[in-house]
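# could you work out the structure for the sequence below:
(chains A and B)
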Amino acid sequence: MPSDSVLRLVWIYPDLLSTYGDQGNVLVLEQRARRRGIAVETVHVRSADPVPEQGDVYLIGGGEDRPQILAAERLRRDGGLHRAVARGAALLAVCAGYQIMGSTFGGEEGQPVDGIGLLDIASGRGAARAVGELVAEADPALGVPTLTGFENHMGVTRLGPGVRPLSRTVVGTGNGDGTEGCYAGRIVGTYLHGPALARNPGLADLLLTWAVGAQLPPTDDTWFERLRQERLTAVRPA
Amino acid sequence: MTQLPLRAQLASALGRTAATLSRATGRGDGSVIGGRVGLALEPDLLRKLARDRRLALVSATNGKTTTTRLITSALQELGDVATNAFGANMPAGHVSALSSAKDAPYGVLEVDEKYLPEVIETTGAGVVVLMNLSRDQMDRAAEIWLLAQKWRRALVARNTHVIANADDPLVAWGASTAARVTWVSVGQPWKEDSWCCPECGGPLDRGGMDYVPPGGHAPGVAVRQADGSVPAAPGSPAGPGGPGGGLAENDWACRECSFRRPAPSWFLDGDTVVDPRGQRWPLDIRLPGRANRANAVVALATAEAFGLPVQRALPRLAEVTSVAGRYTTVEREGRQARLLLAKNPAGWLEAFDVLDPALPVILSVNAQGPDGRDTSWLWDVDYRVLRGRPVYVTGERRLDLALRLDVAEVPFQLTESFGHALAVQPQGKVDVIANYTAFQQIRSEFGRAV
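Model (predicted):
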């Protein structure tokens, strides 16, 4: 927690990578922090601007092939996100943003494009598009309940020894090898696209806990829980 | 019209028979099945049916059904018009529309954005109308930058007259390979898909505003940009050196390359249209809201491309009161519910503009195939505008919407069906916004009268 007691959220490149309601993750973090009395300041970083280094939680979302390539180029040139992560900031990277964090990902024609190397993963293009609801059991070490969400991507991601799978898929494709997403240190990557935290408030609280450095008091999860139960019941095999 | 070849005549006739059977048996309006039967017998039927007619193709993410209807109404001043009035906007629907008005010298066809290149090629249409492109049902729709790129390729080296909205950067880019473009300025309230230059990927400066994210923020959250400045409110005026680099409202330009808004010749200015000669005409139309005034300006520019002057086209636009159920009112037990259709974030923004602020509103959201099975887009809509009025939430995905409103701190009441939501209203008027299948469910339960 920073000395001025304001939690700083940094949303990276919403002008390039904000295709599937990615702003939902920002809104959910803001709301869950504020309801626990934590003051929040959110910074939106357009792709022409430098990424500030003093944030507590960074978010990057999903998008089309071309903006994804542009975002990777600009993040590499800028270096601000690398410095923030080296300082110990938390990062949630979603879908196209997740792939960018690795060593390489598939471009418009499937050609390999350099990522920014913050996660030990390598992504390419799969044969078929993975579109639909996803259910996965999170790594028990994280203390996060069953993950639920929606995926829409053609990516296949191989995890290296420097990361751990975020979860094991029950329904859906995820990384393509029975796992979904990954984490290392305070970086979480996932194919659960768009407002992933709206369906997984536990994951939101994990990021907040890392940033605040303390356990959070419980908050009213009525609507989060009703939606989770409805989706899990509708999607999970009986 | 010249006679169709015998095989095409037969294909066209069989298609019409199938359409009649479909309607007679209550299976549908027949516009898709009829076209499919015809196309199966004569794959080149669309080309043959289009030949010797003056055609306009209308494409966009939002407003294509309504604008098709407005242009059709205007061109009826000149003669019979073939049109796919029920929104069957793929080639089977086009075949059906042209078959059922064989002798009409004019045609106005709504065309799905993805199918537009193919339909331009097949029909050789003389006029193509392009209005807006924004995120829409991403689990099954194409990426919109790729769509615009396909439009560019389809328009190259053709003698097509394009009518296009200059205020939408992606549309301007998609249309700018055409030999002849009439640019209209009808605004672009939803800007979240065009903060980057379609040509080079650099940042776009937008007239009168800085970047403002969709969806809003939790109350009490401080928001600033990376340079420390606080974003200006949408629509706030641009001062010299202020937000948007001092550009006028609706203007835009890339900061890194030479791509910028083409100079428009038609303008929407409040409730008025300004024609290319600078003459102002009050837009006296019956359809409500800013989006429909924009659609009307596009229709007038298109009518002029067909040689129909504004003074003859405008009264025809006023004859249109509802389009495939949109803006109609259904009634039950003294409660009148006005139905608005909104299928994506840009559409919700336009629907909010039409709402009567004094009335309660019922929101209904589904996620069936035609709606898109992914509800993520709810987080791109800024629902805070609904604070201060009674809000009722229903539809098959009402819990997704309930959480969205909870996070936006918009008070609401959850109801298990549209019928329940209506029954708990006081007698009188209520507004309804629903997405595609939710809208159709309400119409089929409460009457399809248009």
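# tell me which helix or strand comes right after the helix or strand bottoming out on mean pLDDT in chain B.
Every helix and strand of chain B was ranked by mean pLDDT, DSSP states H and E. The lowest is strand B:222-225, at a mean of 60. Elements were assigned by DSSP states H and E; along the chain past strand B:222-225, the next helix or strand is strand B:252-254.
# and the very next helix or strand once past that following strand, which strands flank it?
Scanning forward in sequence from strand B:252-254, with DSSP H and E defining helices and strands, the next element found is strand B:266-269. In its sheet, strand B:266-269 lies beside strand B:180-185 (parallel), strand B:272-274 (antiparallel), with partners assigned from DSSP bridges.
# got the ones you listed as CSV, with mean neighbour count and mean pLDDT columns?
(Glycine included, C-beta is placed from N, CA and C.) Putting the strands paired with strand B:266-269 into CSV (neighbours: other Cβ atoms under 10 Å in any protein chain shown; pLDDT from 0 to 100) gives the following:
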stretch, mean neighbour count, mean pLDDT
strand B:180-185, 21, 98
strand B:272-274, 19, 97
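# elements contacting the lengthiest strand in chain A?
Under DSSP state E, the strand in chain A containing the largest number of residues is strand A:121-138. Applying 3 or more Cβ pairs under 8 Å, 6 or more residues apart in numbering or on different chains; DSSP states H and E, we find strand A:121-138 packed against strand A:104-106, strand A:147-159, strand A:164-171, strand A:179-184, helix A:222-235.
# now it against helix A:222-235, angle please.
Between strand A:121-138 and helix A:222-235, the angle comes out at 100 degrees (axes from the mean of the first three to the mean of the last three Cα atoms, to 10 degrees).
# of the helices and strands packed on strand A:121-138, give the one that comes closest to residue B:68.
Distance to residue B:68, taken as Cβ to Cβ, is lowest for strand A:147-159 among the helices and strands packed on strand A:121-138, at 29.7 Å.
# neighbours of residue B:173, how many?
The tally of other residues near residue B:173 (other Cβ atoms under 10 Å in any protein chain shown) stands at 21.
# what of the one 5 residues further on?
Other residues near residue B:178 number 23, with proximity taken as other Cβ under 10 Å.
# look at it and report its pLDDT.
In the predicted model, residue B:178 carries a pLDDT score of 97.
# so where's the chain uncertain?
All of this is about chain A. Across chain A, the stretches falling below the confidence threshold (pLDDT under 70) are A:1-4.
# to clarify, I was referring to chain B.
B:1-3, B:6, B:10, B:14-15, B:17-31, B:40-41, B:138-142, B:208-245, B:448-450.
# and it, what are its domains?
B:42-207+B:247-317, B:329-446 (automatic domain parsing).
# quick one, which of the helices and strands packed on strand A:121-138 is nearest to residue B:114?
Using Cβ to Cβ as the measure, strand A:147-159 is the one of the helices and strands packed on strand A:121-138 that comes nearest residue B:114, at 16.7 Å.
# now do that closest one: distance to the chain's middle.
11 Å (Cα atoms, centre = their mean, to the nearest Å).
# same thing with stretch A:66-84?
Taking Cα atoms, centre = their mean, one finds the center of stretch A:66-84 at 16 Å from the center of the full chain.
# is any residue of that stretch near chain B?
Yes. Stretch A:66-84 lies within reach of chain B by Cβ under 8 Å from any Cβ of the partner chain, at A:66-67, A:70.
# which outside residues touch the helix or strand harbouring residue B:129?
Using DSSP H and E, residue B:129 sits within strand B:127-130. Contacts made with strand B:127-130 from outside it, assessed by Cβ atoms under 8 Å, 6 or more residues apart in numbering or on different chains, are listed as B:54-60, B:67, B:71, B:116, B:120, B:151, B:155, B:160-165, B:171, B:174-175, B:178, B:298, B:302, B:305-306.
# buried residues in it?
With burial defined by 16 or more other Cβ atoms under 10 Å in any protein chain shown, the residues of strand B:127-130 counted as buried are B:127-130.
# what pairs with it, and is each one parallel or antiparallel?
Paired neighbours of strand B:127-130 in the sheet (DSSP bridges): strand B:54-59 (parallel), strand B:161-165 (parallel).
# distance of residue B:123 relative to chain A?
Distance, residue B:123 to chain A, by Cβ to the nearest Cβ, to the nearest Å: 29 Å.
# state the number of residues packed around that residue.
The local packing of residue B:123 (other Cβ under 10 Å) involves 23 other residues.
# and if you look at residue B:289?
The local packing of residue B:289 (other Cβ under 10 Å) involves 16 other residues.
# wait, it sits on residue B:349?
No. Under the contact definition of Cβ atoms under 8 Å, residue B:289 does not touch residue B:349, with a separation of 10.6 Å.
# list the contacts for the spatially closest residue to residue A:231 that is not a sequence neighbour?
Nearest in space to residue A:231, with sequence neighbours left out and distances taken as Cβ to Cβ, 6 or more residues apart in numbering or on different chains, is residue A:148 at 5.1 Å. With contacts defined as Cβ under 8 Å, 6+ apart, the neighbours of residue A:148 are A:133-135, A:192, A:199-200, A:228, A:231-232, A:235.
# again with residue B:143
When contacts are counted by Cβ under 8 Å, 6+ apart, residue B:143 touches A:64-65.
# all helices for chain B, in order.
For chain B, the helices defined by DSSP state H occupy B:6-24, B:31-41, B:45-50, B:64-75, B:91-99, B:116-123, B:144-155, B:169-175, B:290-305, B:310-317, B:345-354, B:398-407, B:418-423, B:436-446.
# tell me what angle the second one forms with helix B:91-99.
What separates the directions of helix B:31-41 and helix B:91-99 is an angle of 90 degrees, with the same axes, to 10 degrees.
# helices and strands around helix B:31-41, which ones?
By contact count (3+ Cβ pairs under 8 Å, 6+ apart), the secondary structure elements abutting helix B:31-41 are helix B:6-24, helix B:45-50, helix B:91-99.
# output that helix as CSV, restricted to C-alpha atoms.
Presented in CSV, the C-alpha positions along helix B:31-41 are these (Å, rounded to 0.1, in the frame of the first residue of the first chain):
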residue,chain,number,x,y,z
SER,B,31,-37.9,-13.7,-46.8
VAL,B,32,-35.1,-16.1,-46.2
ILE,B,33,-36.5,-19.5,-47.2
GLY,B,34,-37.8,-18.0,-50.5
GLY,B,35,-34.4,-16.7,-51.4
ARG,B,36,-32.7,-19.9,-50.5
VAL,B,37,-35.0,-22.0,-52.7
GLY,B,38,-34.3,-19.6,-55.6
LEU,B,39,-30.6,-19.5,-55.1
ALA,B,40,-30.4,-23.3,-54.9
LEU,B,41,-32.0,-23.5,-58.4
